[in-house]
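Asker: quick check, what structure comes out for this input:
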Amino acid sequence: MTTRPLRRPARVDAGRRVSALANRLAPLVDRARIGPLADDGRWIVPFGLVAYVLGTTWSWEFPDYHGIPFPPVWLALACTALIAWRVRRGSIDPIAAAAIVGLTAMAMTDVASIWTQGLRDIEIYLKAGHRWLEGAPVYMQIPLATAPADLSNYPFLYPPVTLPFFAALSVLPLPVAAIVWFALSVGALLAGLRWVGLNWRWCLVLLAWPPIVQGLWVGNVAVPLFVFFAVAPWIPAALAIGPIFKIYSGLADLWLLRREHWRDLALAILVVGAVTAASFLVVDARLWTEWFGGLGAYQVSQRLLPNLYGFGLARYIAFGLFVAIAAVVIVLALRTRGRREQLARLGVATVAASPSLFSHGFLVALPAMFRLDTAWFWLAFGITACAPGPAWFAALAIVVVSWYVPAMRKRFVRDPWHPLGSAAAAWPGALQRAPLRRPVAGDRDGVAGNEIDRHPRGTAPEATS
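Answerer: Numbers count the residues shown, from 1 in each chain. Presented below is the predicted three-dimensional model:
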């Protein structure tokens, strides 16, 4: 009698085949795997930024549309910088790699900006001041159907109260007026960055940021106005200056209401009212009617020339949805007890709610971006490395998400790769330097998890050097 061999269960055979296949594939997986990415998840940031820059600039030319393809030039520059850093330092970490990727993209974007029409915005202001002095019409009442060849012929949109200032500047020869405006803008910008908490080294780094470079290059008023937003923790009434030029920047004035700065709010209203009343001594009252007509004509022009929206949300989505998103961000910005935190968030809300948005409009979002932890900061900062577009709102989305995810926010630790150094939030030590009012019971200058509030000295030396 013969016995038949026992047959192994099919499940055992299948399991051994899977194990054998896994053993054969393991060396291939190890060779294909990016080792550093497995060891440090922060490597996702530089790799993600590389993919973002390539995807954004895939059809670009450098330095303008007559030039050579942008991506290979940028890749060569970035790789050279990465190799040089690796050779000099002996190693490279993911944050250094992200910084090199972002800054090289910014450098090339800045060079490309120079090929656009420079000083066009300040020329718009000077032309308006000159026309006012000559008694000519200042505000365009007929919508634009085509873009002017000379970009300084776009309509002037600021209130009549600003005309005497621009008229005084227009008396100077254009080169002199441009130098004066540029010097004023750089000085105000650097003062604002220092007030926010940056040292001089980081101020120089920020001068390569496309919103700043492009704002200085065209001479937009948003650059010098940043100082009034930055100084608000010490002089809250300074927030009233922005709306004189850009009405929507008045959203930051909600901070005065929310924080109950009644005296500063009254002072702001008094100053603006006094300046406006004084302007009637030299500015004809009819100009105010023409100004409102000019704003209406500009809204019609935006529908005919979508470029007038810049890259504001209103250009890409229905107006009702734009208003809803802006309202949500404003409400979320106000729902915090931290004074500086709330002001920084209102800067983000101002950007989100801007009916027309250009790169320099992102300046007031900087304090909120500085609140991000280092890896998240360089991700958001790197997104704004290329020419502005809808993708920039991803940087704002990262900031808004960080309001509810403490792990995404910077801690009170020394970090040379972060603009604030050891501080955990913008305006470090603001209350310790110049208290604005007596502390109210239950009012904390910061949100949960803001270690700066618990630090005995309030700020770190490198954050205020």
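
Asker: hang on, Trp427 packs against Gly197?
Answerer: Yes - at 5.9 Å, Trp427 and Gly197 qualify as touching, with contact defined as CB atoms under 8 Å. In this view, the C-beta of every residue, glycine as well, is placed from N, C-alpha and C.

Asker: show me how the chain divides into domains.
Answerer: 36-113, 120-371 (automatic domain parsing).

Asker: looking at the ones you listed, which is buried most?
Answerer: domain 120-371 (a mean of 19; mean count of other CB atoms under 10 Å).

Asker: dump the residue contacts of Leu190.
Answerer: Residues near Leu190 by CB atoms under 8 Å, 6 or more residues apart in numbering: Cys203.

Asker: ok, now Phe381?
Answerer: 102, 209, 369, 395.

Asker: need the max-distance pair from those.
Answerer: Within those, Gly102 and Met369 form the most distant pair, 12.6 Å apart (CB to CB).

Asker: next helix or strand past the strand or helix carrying Val227?
Answerer: If you go by DSSP states H and E, Val227 is part of helix 222-230. Downstream of helix 222-230, the first helix or strand assigned by DSSP H and E is helix 241-245.

Asker: all the strands of the protein, residue numbers only.
Answerer: 61-62, 68-69 (DSSP state E).

Asker: where do the helices sit along the stretch 301-450 of the chain?
Answerer: 319-334, 339-352, 366-370, 374-383, 392-402, 430-433 (DSSP state H, counting those that start in this stretch).

Asker: for Ile235, find the nearest of these.
Answerer: That would be helix 430-433 among the helices of the stretch 301-450 of the chain, by CB to CB, at 11.2 Å.

Asker: backbone dihedrals for Pro390, please?
Answerer: Torsion angles at Pro390 (phi, psi; degrees, to the nearest 10) stand at phi -60, psi -30.

Asker: shaky segments in the stretch 351-465 of the chain?
Answerer: Within the stretch 351-465 of the chain, the set of residues satisfying pLDDT under 70 comprises 429-465.

Asker: returning to that earlier point: now flag whichever of the contacts of Phe381 is closest to Pro46.
Answerer: Among the contacts of Phe381, and counting by CB to CB, the member closest to Pro46 is Gly102, at 8.5 Å.

Asker: how about that closest one, nearest residue that isn't a chain neighbour?
Answerer: Gly382 (3.6 Å; CB to CB, 6 or more residues apart in numbering).

Asker: if I look at the one you found, how far off is Pro173?
Answerer: Applying CB to CB, to the nearest Å, the value for Gly382 to Pro173 is 40 Å.

Asker: cool, and Val400?
Answerer: 46 Å.

Asker: check Val272 too.
Answerer: 32 Å.

Asker: circling back to that earlier point, can I get the strands of the chain in TSV with mean pLDDT and distance to Thr276?
Answerer: Listed next are the strands of the chain as TSV, based on pLDDT from 0 to 100; distance: least, CB to CB, whole Å:
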stretch	mean pLDDT	distance to Thr276
strand 61-62	90	47
strand 68-69	92	52
